[in-house]
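what shape does this take:
(4 chains)
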Protein chains: 2
Amino acid sequence: MARASTTSDAFNAVAEPRRREILSYLAGAERPVTEIVIALGMEQPSVSKHLRVLRDVGLVRMRCQGRQKLYQTNAEAIRPLHEWAATFERYWQHQLHRVKERAEAKMRQASAQTNDQNPHPGKSKTETKT
Amino acid sequence: MARASTTSDAFNAVAEPRRREILSYLAGAERPVTEIVIALGMEQPSVSKHLRVLRDVGLVRMRCQGRQKLYQTNAEAIRPLHEWAATFERYWQHQLHRVKERAEAKMRQASAQTNDQNPHPGKSKTETKT
DNA sequence: TTGACATATTCTTATATGGGAATGTAATGT
DNA sequence: ACATTACATTCCCATATAAGAATATGTCAA
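This next block holds a predicted model:
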């Protein structure tokens, strides 16, 4: 089986850097296609195709206004992604904590080795930053 | 040009559902490959290949222990994704706010229509939710 | 050394791109 | 009606899978 279609879900859709650029550009305001083309320096057909994908997964909304079509990011559709990533938040906090602890342990050890006569390293006032 | 390689960055790597499953499974603890195979019901070569991709982009760490290799999710590597998504947080909050306001406006209107004699709808004490 | 166990890699194949070029389509101005 | 503007779609093609099967590599045990 080949890779899943980019229109299968938001995860696949945002895997493409250009599409992420477009989403960021369209986050705050509605814009016609031509403006995206100019602002991001991409070919017009390319932009249209990316917008098509983004629209299929609900990441952008479109509204017609005369001969132009105004696109805007539908931020709501990015939440699932945010929430999935947030699932790992506690783990990276754990990891950071452990890294910090290891660093401090190493520091204490080095400190103890440097001034061997000092039996109580405690918190050194200087050099608290890594 | 075809789609970017899955080993190019975390965004491409997590576009694959199986890989997300693996990451979730390996988030809390180190596990040998066989356990992943059994727990997630995938073929062993498939797991190995996904782990390879995940390792290439730094999403998992590996440690050898005798004849088995223990893998664990490197949650740190998911942060960029989380932060990118967080960029849109204020926008979906805006949108939710607007949706809520529109709903309330509609409600006020309906209320005003129901009891036409009431010239001052104001905030009805009942029915403030939704 | 010979197995047995744990993983990784290679090969094949059906499928899905994404960019470029060319073309199609719809709405507007004159 | 006709040219123009604003987008969308189609065709072609080099590339990248992801699953399945078969095979290779690495490690420990007797």
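
nearest residue to the middle of chain A?
Among the residues of chain A, A:His82 comes closest to the average C-alpha position under Cα atoms, centre = their mean, at 8.4 Å.

residues contacting the residue of chain A found nearest DNA strand C?
Proximity to DNA strand C, evaluated over chain A using Cβ to the nearest atom of the strand, is greatest for A:Ala2 at 2.6 Å. Placement of C-beta: from N, CA and C, glycine included. Taking Cβ atoms under 8 Å, 6 or more residues apart in numbering or on different chains as the criterion, A:Ala2 is in contact with no other residue.

now with 10 Å?
Residues in contact with A:Ala2 (Cβ atoms under 10 Å, 6 or more residues apart in numbering or on different chains) are B:Arg3.

three-state assignment of it?
Of the three states, A:Ala2 takes coil under DSSP: H, G, I helix; E, B strand; the rest coil.

where does chain A dip in pLDDT?
Screening chain A residue by residue with the criterion pLDDT under 70, one finds the ranges A:111-130.

near DNA strand C, which residues of it?
Proximity of chain A to DNA strand C, by Cβ under 7 Å from any atom of the strand, involves residues A:1-7, A:12, A:15-16, A:18, A:43, A:45-46, A:49-50, A:53, A:66-67.

so A:Arg19 is in which element?
helix A:17-25 (DSSP states H and E).

in that helix, which residues are buried?
Neighbour-count burial for helix A:17-25, counted by 16 or more other Cβ atoms under 10 Å in any protein chain shown, picks out A:19, A:21-23, A:25.

just these that are near chain B?
Checked against chain B using Cβ under 10 Å from any Cβ of the partner chain, the buried residues of helix A:17-25 give the following subset in range: A:19, A:23.

and which of the buried residues of helix A:17-25 is nearest to B:Val37?
Closest approach to B:Val37 among these (Cβ to Cβ): A:Arg19, at 33.3 Å.

that closest one against A:His50, yeah?
Yes. Because the distance of 5.1 Å satisfies Cβ atoms under 10 Å, A:Arg19 is recorded as touching A:His50.

any residues in contact with both of these two?
A shared contact of A:Arg19 and A:His50, defined by Cβ under 10 Å, 6+ apart, is any residue touching both; here these are A:6, A:13, A:60.
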